[in-house]
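In: what follows is a protein structure lacking sequence information:
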């Protein structure tokens, strides 16, 4: 790849970026006011491939099918223009061949452009904007970009009248679908991008709202921006609104030019648009391949090939190539029109994200209630079933306590997992979208969620412990209650943070649910020592137990409950009975039988147990950094 010049004059120029990885400039000058910028695509091809058969069919799995989505496509757009791309729905995944003639290298593309998907993800429980809260959706972006643009952007997109209304969703209230789409655009416009890419921005909108959105995008393009969008079935009134229209069929560019050039071109090919017909519908039908029968497919594909050949021989196509070549061969290039300079550091971004995540959760009353009381609800079932533990061995004094500890250690990680599965996938989708815009990195959203979860988890555990511990009549003493609460807080957090780690590389929450549940079950079976004494297990299982948090948590709870406890084992007169269960009349005897030496490891077990939490947080950060890298590619 050619070397990138540091200083460039004004002009309609661009840098070459091919499909391979590119180095980024450390410092690139910003665009000067009034400078023109352009985006060119030169001989770009794109293909996708996948395995033929299902994963369990080894023979067919080894075979792959390939499909070319783009084939030798060249486009050229300048600032102030809006380009409409017509064609069938595309596919994700694959590889890009050729190069794009852009205003910057590919690794800096997000610094001057943004891309909005057909279904943008928003936090539904935040208002559109409020001057009193810096954590609302659009204002959040202003904190990360430029606060002075908020009011102007809100007015520009006609959102001022819904500034204090919740964004909402399709399932409950909030703003309308068209306003929700404009919020997605506003969140990006606050960064003042020069290139705007939209994937079917009118999907799911009624005709009038869709028309308003396209008119809005055309107005944004007039303000010295490049706007490119894909669209299905646009209204005929929009035909003259686009500066350029491109038609793709079977990955090949059939036409790209102005509306007037389109009418003249197809008329010269012998396909004039009938009067009172929608040019979009007519030309899309004309350039589509009919697969209803083999004869029709051959006939329509031959017609498409003829139109494509005519376009590539036309003056319109040659003019496009000439513009791109002039841009490529300029010795100096125009300065890069970056978005608004990011004003916040990593800690400031983390603070904004933390306030945003917390405020969004606090407005969800059901989520707050379940986060605080789900452990308590689980404890109430145990309380109503057991009522109160006793000291009589023959009446289940030891068995009841072991069952309680087994239930608490097994259930608390699962409630933590439910919190993460219910709350984090939406935040993950938001971070995937916003990190691609360069607002922050994905791991910062993860860390914000972790910090927001800590106080809620502490309160929820204390509420659960306060009711369960004293009602069930466990070992009396404030210190013992504190150790009990601290020991159960750790598995609750570990279950939630383990789920976050898995959500970093497993997209489906249902799969994460199953994996975390299986890991927790395996940990309780092997590490607790309740089902089988750890010292009597085979060596592989014994080694595995040291990597389970349940081993350390159970030893803490056993020592905390049984140390210093004395049991009775006798008949009505209190005499000792020759019964096998009367072997344990003191708690220390049960401790030494179940987990020998646990009394001397009490503090060490606490340190190891809580070491799982930072380890999982660090692992989650690493996983989300990897996720960031993979998605960015």
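Out: Good, I have the coordinates. Computed from a prediction, not measured in an experiment: that's the story for all the values here.
In: please count neighbours and contacts with C-alpha atoms only from this point.
Out: Fine.
In: and the longest helix for the protein?
Out: Using DSSP state H, we find that the single longest helix of the chain is helix 397-436.
In: tell me the helices and strands packed up against that one.
Out: Contacts defined by 3 or more Cα pairs under 8 Å, 6 or more residues apart in numbering; DSSP states H and E place helix 397-436 against helix 365-386, helix 442-472, helix 478-505, helix 509-527, helix 549-562, helix 602-632.
In: tell me the most buried of the ones you listed?
Out: Compared across these, helix 549-562 shows the largest average neighbour count, a mean of 25 (mean count of other Cα atoms under 10 Å).
In: returning to that earlier point: out of the helices and strands packed on helix 397-436, nearest to residue 81?
Out: Closest approach to residue 81 among the helices and strands packed on helix 397-436 (Cα to Cα): helix 602-632, 26.9 Å.
In: counting by contacts, list what the closest one packs against.
Out: helix 397-436, helix 442-472, helix 478-505, helix 549-562.
In: how far off helix 602-632 does the second one point, in degrees?
Out: Spelled out, that is helix 442-472. Note on geometry: by axes from the mean of the first three to the mean of the last three Cα atoms, to 10 degrees, helix 442-472 and helix 602-632 are set 150 degrees apart in direction.
In: I'd like the numbering to begin with 297 instead of 1 from here.
Out: Okay, residue one is now 297; in that scheme the one you just asked about reads as helix 738-768.
In: what's helix 738-768 packed up against?
Out: Where contact means 3+ Cα pairs under 8 Å, 6+ apart, helix 738-768 is packed against helix 642-658, helix 661-682, helix 693-732, helix 774-801, helix 898-928.
In: about what we covered before: to residue 813, which of the helices and strands packed on helix 898-928 lies closest?
Out: When these are compared by Cα to Cα, helix 693-732 sits nearest residue 813, at 6.9 Å.
In: thinking again about what came up before, with mean pLDDT and distance to residue 816 added, can I get the helices and strands packed on helix 738-768 in JSON lines?
Out: JSON lines is the format used below for the helices and strands packed on helix 738-768 (pLDDT from 0 to 100; distance: least, Cα to Cα, whole Å):
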{"stretch": "helix 642-658", "mean pLDDT": "85", "distance to residue 816": "27"}
{"stretch": "helix 661-682", "mean pLDDT": "86", "distance to residue 816": "16"}
{"stretch": "helix 693-732", "mean pLDDT": "89", "distance to residue 816": "7"}
{"stretch": "helix 774-801", "mean pLDDT": "95", "distance to residue 816": "8"}
{"stretch": "helix 898-928", "mean pLDDT": "91", "distance to residue 816": "14"}
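In: now those in TSV, with distance to residue 834?
Out: Output for the helices and strands packed on helix 738-768, formatted as TSV (distance: least, Cα to Cα, whole Å):
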stretch	distance to residue 834
helix 642-658	46
helix 661-682	33
helix 693-732	22
helix 774-801	25
helix 898-928	22
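In: right, and the ones you listed - which one's nearest residue 520?
Out: Using Cα to Cα, those put helix 693-732 closest to residue 520, at 22.8 Å.
In: which parts of the closest one are buried?
Out: For helix 693-732, the neighbour count (16 or more other Cα atoms under 10 Å) marks 693-694, 696-698, 700-702, 704-717, 720-721, 723-732 as buried.
In: so that helix versus helix 661-682, what angle?
Out: With the same axes, to 10 degrees defining the directions, helix 693-732 sits at 170 degrees from helix 661-682.
In: so helix 693-732 versus helix 805-823, what angle?
Out: Going by the same axes, to 10 degrees, helix 693-732 makes 140 degrees with helix 805-823.
In: what separates helix 693-732 from the chain centre, distance-wise?
Out: 19 Å (Cα atoms, centre = their mean, to the nearest Å).
In: got the domain boundaries for this structure?
Out: The chain breaks down by the TED database into domains covering 333-409+489-639, 418-487, 671-867+874-928.
In: lowest average pLDDT across these?
Out: For the domains of the chain, the weakest mean pLDDT is recorded on domain 418-487, namely a mean of 59.
In: list the beta-bridge partners for residue 334.
Out: Following DSSP bridges, residue 334 is listed with bridge partners residue 374.
In: correct me, but it touches residue 373?
Out: Yes. In this structure, residue 334 is within contact of residue 373 by Cα atoms under 8 Å, at 5.7 Å.
In: joint contacts of the two?
Out: By Cα atoms under 8 Å, 6 or more residues apart in numbering, residue 334 and residue 373 have these common neighbours: residue 522.
In: look at those two and report which has more neighbours.
Out: Each of residue 334 and residue 373 has its neighbours counted (other Cα atoms under 10 Å); residue 334 has more, 26 against 22.
In: and the strands in the stretch 497-646 of the chain?
Out: Counting by DSSP state E, counting those that start in this stretch, the stretch 497-646 of the chain has these strands, from start to end: 522-526, 540-545, 548-553.
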